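Chemist: Provide a 3D model corresponding to the input given below.
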Amino acid sequence: MAFHLPPLKRLYQRLRTRWRETMRTRWVYRLPVDGAVFIFVTLLIGLAAMNTGAQLLYLVFGMMCALWILSDFMATSSMSRLRFSRHLPAHAVAREPVEIAVTIENRKRTLSSFSLRVQDSDSEGRLVGATFFTRVPPRGSARETYQCVFPRRGTYRLSRLTIATRFPFGLIERRIHRKEESEILVLPPTIPLGSLAATIRAEFGNTETRVKGHGSGLYGIREYTEGESARDIHWKLSARASSLMIREFESDRRRNATIILDNRFPASANKTDRDNLERGIVLAASLVLWLLGRGYEVELATASGRVPFGAGASHRTRLLRALALLEPLLETGCDPMLSLQDPHSLRLAVLYRDAAAPAGTIPIATSRWSKLLDEVIEHPLDDAPATGTLTLDALPASSGAGRGEARRP
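Modeler: Sure, this is the predicted structure:
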């Protein structure tokens, strides 16, 4: 007798997938108030039928029991053989609404699923958002979204989806708790920096160098050599000299800007120090958008590391991601000034505490935008002790999973 391995392998994979889904899923019954009242009335009618022997009461009692059984059967059928998943965006911005999508796939062949309420929770069991599915067709899927707001920067872990229904009569609620772990990176918020131009006006513009290359400044004029571009020929001077003359240009050095944020703290760092660091991070993120929008190649230097020069949307995300995950370090950490590469770059030092700016840098203090910063920052240490000092280990990590509560706007 022939032994076919592929069908057995497919059966094994199907059973393994079903087992994994079963282990990740927990079914729960919940009795709402309407259902409890219905049961109480049913029991009263049953007792009355037994005491009086009236056939009409027995009929009503039987119909109510059948209605209860039908409600349980239809609720269970509506919740069976569902596959659901969560779809997160690449990243979100703190204190700004973000849409999160939930997809439910109905794998039943003939029966639809109705009135499904979906709740999303984080790793600490706190509600993040909810949405509602009216109907999911058989062998089909449906997709709904909900909005939530993450109050602080960092990494948030969403861990559980809860699907519930009271279909069709609202007498019993059937729930499925499904582990669905995923993470989303929340970038720091930003503020407008319209008045920053006056601070560094003298540093604007490309820097010309007395080196021949491809730029905008005129380096010199010489005779044309065969094979060179005709666009650079100086036609008026060529007519006077009766020979072709070509223009040579100076090489322009690209506009480079370095943002310096020293995240080193003493061992006795307190709540105010951490709040000030959050303000500095928001200001640094605002500088990133401001400089990239004006054509600068931007570098970020911190005690935790350095993000090299770059431009464009991908580099902007890279810089904001580094700021979103930035944590305080001990004061014995590496000085950010030691990791700088370009000595001619525009250096902006973000000052969020009473300290002198490093030599050769332009100080950008958070105190100048204190009102705007207070509007976009939710204090991350509201759950910390009101007095006393905290060590760095005791400071709650804003980028830790599930540190902040996401909420509906």
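Chemist: Which stretches in the stretch 1-150 of the chain count as helices?
Modeler: Using DSSP state H, counting those that start in this stretch, the helices of the stretch 1-150 of the chain run over 5-24, 33-52, 55-79.
Chemist: Adding mean pLDDT and distance to residue 134, write these out as a markdown table.
Modeler: (Each C-beta comes from the backbone N, C-alpha and C, glycine too.) Conversion of the helices of the stretch 1-150 of the chain to a markdown table gives the following (pLDDT from 0 to 100; distance: least, C-beta to C-beta, whole Å):
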| stretch | mean pLDDT | distance to residue 134 |
| --- | --- | --- |
| helix 5-24 | 63 | 24 |
| helix 33-52 | 90 | 20 |
| helix 55-79 | 89 | 12 |
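Chemist: I'd like the ones you listed as JSON lines, with distance to residue 301 appended.
Modeler: Conversion of the helices of the stretch 1-150 of the chain to JSON lines gives the following (distance: least, C-beta to C-beta, whole Å):
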{"stretch": "helix 5-24", "distance to residue 301": "44"}
{"stretch": "helix 33-52", "distance to residue 301": "60"}
{"stretch": "helix 55-79", "distance to residue 301": "54"}
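Chemist: Tell me which of the ones you listed lies nearest to residue 179.
Modeler: With C-beta to C-beta as the criterion, residue 179 lies closest to helix 5-24 of these, at 4.6 Å.
Chemist: low pLDDT regions in the stretch 301-409 of the chain?
Modeler: Across the stretch 301-409 of the chain, the ranges flagged by pLDDT under 70 are 378-409.
Chemist: Helices along that one, start to end?
Modeler: Counting by DSSP H, counting those that start in this stretch, the helices of the stretch 301-409 of the chain are 313-324, 370-376.
Chemist: which one of the ones you listed is the most hemmed in?
Modeler: Compared across these, helix 313-324 shows the largest average neighbour count, a mean of 18 (mean count of other C-beta atoms under 10 Å).
Chemist: Not counting it itself, show me its contacts.
Modeler: The set of residues that contact helix 313-324 without belonging to it, under C-beta atoms under 8 Å, 6 or more residues apart in numbering, is 90-91, 153-155, 185-188, 261, 281, 284-285, 288-289, 292, 298, 300, 302, 304-305, 307, 310, 399.
Chemist: Could you export the helices of the stretch 301-409 of the chain to JSON lines, including columns for distance to residue 135?
Modeler: Shown next, in JSON lines, are these (distance: least, C-beta to C-beta, whole Å):
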{"stretch": "helix 313-324", "distance to residue 135": "38"}
{"stretch": "helix 370-376", "distance to residue 135": "41"}
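Chemist: closest one to residue 98 among the ones you listed?
Modeler: With respect to residue 98, and counting by C-beta to C-beta, the nearest of the helices of the stretch 301-409 of the chain is helix 313-324 at 13.8 Å.
Chemist: leaving aside the residues next to it on the chain, what's closest to residue 102?
Modeler: Spatially, and ignoring its direct neighbours in sequence, residue 102 is nearest to residue 118 (5.2 Å; C-beta to C-beta, 6 or more residues apart in numbering).
Chemist: Quick check, pLDDT for that neighbour.
Modeler: Model confidence at residue 118, expressed as pLDDT, equals 93.
Chemist: That one: neighbouring residues, count only.
Modeler: By the other C-beta atoms under 10 Å criterion, the neighbourhood of residue 118 contains 21 residues.
Chemist: Relative to residue 135, how far out is it?
Modeler: When distance is defined by C-beta to C-beta, to the nearest Å, residue 118 is 14 Å away from residue 135.
Chemist: likewise residue 122?
Modeler: For residue 122, the distance to residue 135 under the criterion C-beta to C-beta works out to 28 Å.
Chemist: give the contact list for residue 330.
Modeler: Residue 330 sits next to 264-267, 392 when contact means C-beta under 8 Å, 6+ apart.
Chemist: Which two of those residues have the greatest separation?
Modeler: Spatial extent of the contacts of residue 330 (C-beta to C-beta) is set by the pair 264 and 267 at 10.8 Å.
Chemist: how is the chain carved up into domains?
Modeler: Dividing the chain into domains by automatic domain parsing, as the record does, gives the ranges 17-187, 208-253, 256-376.
Chemist: Out of those, which is the most enclosed?
Modeler: Ranked by mean neighbour count under mean count of other C-beta under 10 Å, these are led by domain 256-376, which reaches a mean of 18.
Chemist: okay, how far is it across that one, tip to tip?
Modeler: One end of domain 256-376 sits 28 Å from the other (C-alpha to C-alpha, to the nearest Å).
Chemist: from the chain's centre, how far out does it sit?
Modeler: Distance of domain 256-376 from the chain centroid (C-alpha atoms, centre = their mean, to the nearest Å) equals 20 Å.
Chemist: Sketch out the low-pLDDT regions of the stretch 101-250 of the chain for me.
Modeler: For the stretch 101-250 of the chain, the stretches with pLDDT under 70 are 195, 197-219, 227, 249-250.
Chemist: Output stretch 99-108 as CSV - backbone C-alpha positions only.
Modeler: Only the C-alpha atoms of stretch 99-108 are listed here, as CSV (Å, rounded to 0.1, in the frame of the first residue of the first chain):
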residue,chain,number,x,y,z
GLU,A,99,-5.5,55.0,13.4
ILE,A,100,-5.1,51.3,14.2
ALA,A,101,-6.9,48.7,11.9
VAL,A,102,-8.4,45.4,13.0
THR,A,103,-9.2,42.7,10.5
ILE,A,104,-11.6,39.8,11.2
GLU,A,105,-11.7,36.8,8.8
ASN,A,106,-14.7,34.5,8.9
ARG,A,107,-13.7,31.0,7.9
LYS,A,108,-17.2,29.5,8.1
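Chemist: Would you mind listing the outside residues contacting that stretch?
Modeler: By C-beta under 8 Å, 6+ apart, the list of residues contacting stretch 99-108 from outside reads 77, 80-89, 112-113, 116, 118, 120, 128-129, 131, 133, 136-148, 158, 161, 163.
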